[in-house]
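Novice: Have a look; sequence and predicted model below, questions after that.
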Amino acid sequence: MRTRITHRDLNGIIRRWDDDFWKQYYPPNDWGCRCDVRQLDEAAETDLSGRKIAPNKPFFQNNVGIAGQAFTDKHPYYHTLKDNVEKKKVFIASERLMPKDMRNGFKEEYKNTRNKKRLLVHTNADKEGVELNKEYGKIFVDEGYNVKILPHSFVDGVKNPEVAINNIVCDFKTPNKFTSTSIQSQVKRANKQEANGVAIHINPAFKLKDIILGLESSFGKNKGWEWNKRIEVIYLFNQKVLKIQRSEVISGTAKRKIAAFLKKQRGG
């Protein structure tokens, strides 16, 4: 898919949530717009002084988080409506089309009634992998984590980490071989996606020594490798989830936790 120049000009702009910028440019910004906004905990604002940005069409100048509606009365949908009652019907319909969970592009797909954790899926999630990611996401929700399947970007050079687990941006990874090098490869790929964590699906055929060697080769001091410093959290999962900090891998304390996890997975 091609990206319009006017939309590419908006890519990467960071402004406060209450900045007037969002009243004009909160997506969608045109017909068929695939743009998205992501909330950040901390980041420097983009200086817009001297930056030329094309004005948005008036009927797309709408922040659904403020207006609470997908379409305002400036939208062409209303041009043929002469009766206020009919207009009210459209407002009600737009609210139904934009429920609370969808105001930032996310829709609730699953909720664990026991622990109240939820799986949210973005409308622009990668269509090719979304079903498997939802399957994985439900495992994490049942284990006590909030999960968001993130939007996919079609802009060249933009990274596409798949998921946020308790607000930690991660990648789901499924090694196709049960070796230490396959673990190492998956961690490296998640790092290239600029994720801060990696969630690795562990087949019961994996041996403890291969998992340990794969993680230690990725993070340990013995190899002197630097390319995985971004990854801080590792999740090993099958039907259960084991959370490991990078520091635990480096110190060697993760080995006992992983051994207990594998034993439990195998019913031992």
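Specialist: On my side now, so go ahead.
Novice: quick one, domains of the chain?
Specialist: When the chain is parsed with automatic domain parsing, its domains come out as 5-102, 106-265.
Novice: Which of these comes out lowest on mean pLDDT?
Specialist: Mean pLDDT values for the domains of the chain show the minimum at domain 5-102, a mean of 67.
Novice: just the helices in the stretch 51-200 of the chain please.
Specialist: Assigned by DSSP state H, counting those that start in this stretch, the helices in the stretch 51-200 of the chain fall at 64-67, 84-97, 130-142, 180-192.
Novice: thinking again about what came up before, could you identify which of the domains of the chain is most buried?
Specialist: domain 106-265 (a mean of 17; mean count of other C-beta atoms under 10 Å). All C-beta spots, glycine's among them, are computed from the backbone N, C-alpha and C.
Novice: any idea how far the nearest residue to Ile168 once chain neighbours are set aside is from Val187?
Specialist: Nearest non-adjacent residue to Ile168, counting by C-beta to C-beta, 6 or more residues apart in numbering: Gly197, 4.7 Å away. Per C-beta to C-beta, to the nearest Å, Gly197 is found 10 Å from Val187.
Novice: Quickly list what's touching both of the two.
Specialist: With contacts defined as C-beta atoms under 8 Å, 6 or more residues apart in numbering, the residues shared by Gly197 and Val187 are 231, 234.
Novice: Now for the residue nearest to Ile168: which residues touch it?
Specialist: 165, 168-171, 190, 231-235.
Novice: again, 10 Å this time
Specialist: 161, 163-166, 168-171, 190, 230-235, 243-246 (C-beta atoms under 10 Å, 6 or more residues apart in numbering).
Novice: so what's it bridging to?
Specialist: Beta-bridge partners recorded for Gly197 (DSSP bridges): Cys170, Val233.
Novice: how close does it sit to Asp210?
Specialist: Going from Gly197 to Asp210 by C-beta to C-beta gives 21 Å.
Novice: With Asn191 instead?
Specialist: For Asn191 relative to Asp210 (C-beta to C-beta), the value is 20 Å.
Novice: Glu45 too?
Specialist: Note on Glu45: its distance to Asp210, by C-beta to C-beta, is 46 Å.
Novice: His122 and Lys255, how far apart?
Specialist: Using C-beta to C-beta, His122 is found at 36 Å from Lys255.
Novice: ok, now Ile200?
Specialist: 16 Å.
Novice: Ok, Val198 next?
Specialist: According to C-beta to C-beta, Val198 stands 18 Å off from Lys255.
Novice: What are the boundaries of the strands in the protein?
Specialist: Using DSSP state E, the strands of the chain run over 106-111, 118-122, 147-149, 163-165, 168-173, 197-201, 233-237, 241-245.
Novice: what's the closest of the ones you listed to Thr3?
Specialist: For those, proximity to Thr3 was assessed by C-beta to C-beta; strand 118-122 is nearest, at 17.6 Å.
Novice: Could you list the residues in contact with the closest one?
Specialist: In contact with strand 118-122 (C-beta under 10 Å, 6+ apart) are residues 36, 38, 101-102, 104-112, 130, 133-134, 136-142, 145-152, 163-164.
Novice: and that strand, which strands flank it?
Specialist: strand 106-111 (antiparallel), strand 147-149 (parallel).
Novice: so how far is the longest one from its chain's centroid?
Specialist: Relative to the mean C-alpha coordinate of its chain, strand 106-111 is positioned 13 Å out (C-alpha atoms, centre = their mean, to the nearest Å).
Novice: report the angle between the axes of it and helix 130-142?
Specialist: Strand 106-111 and helix 130-142 are oriented at 60 degrees to each other (axes from the mean of the first three to the mean of the last three C-alpha atoms, to 10 degrees).
Novice: who's in contact with strand 106-111?
Specialist: 99-102, 117-123, 125, 130, 134, 137-138, 141-142, 147-151.
Novice: okay, which residue is most central for the protein?
Specialist: Geometric centre of the chain, nearest residue: Leu150, 2.7 Å, by C-alpha atoms, centre = their mean.
Novice: can you pull the contacts of it?
Specialist: Listed by C-beta under 10 Å, 6+ apart, the contact set of Leu150 reads 36, 38, 105-106, 120-122, 124-126, 133, 160-164, 169-171.
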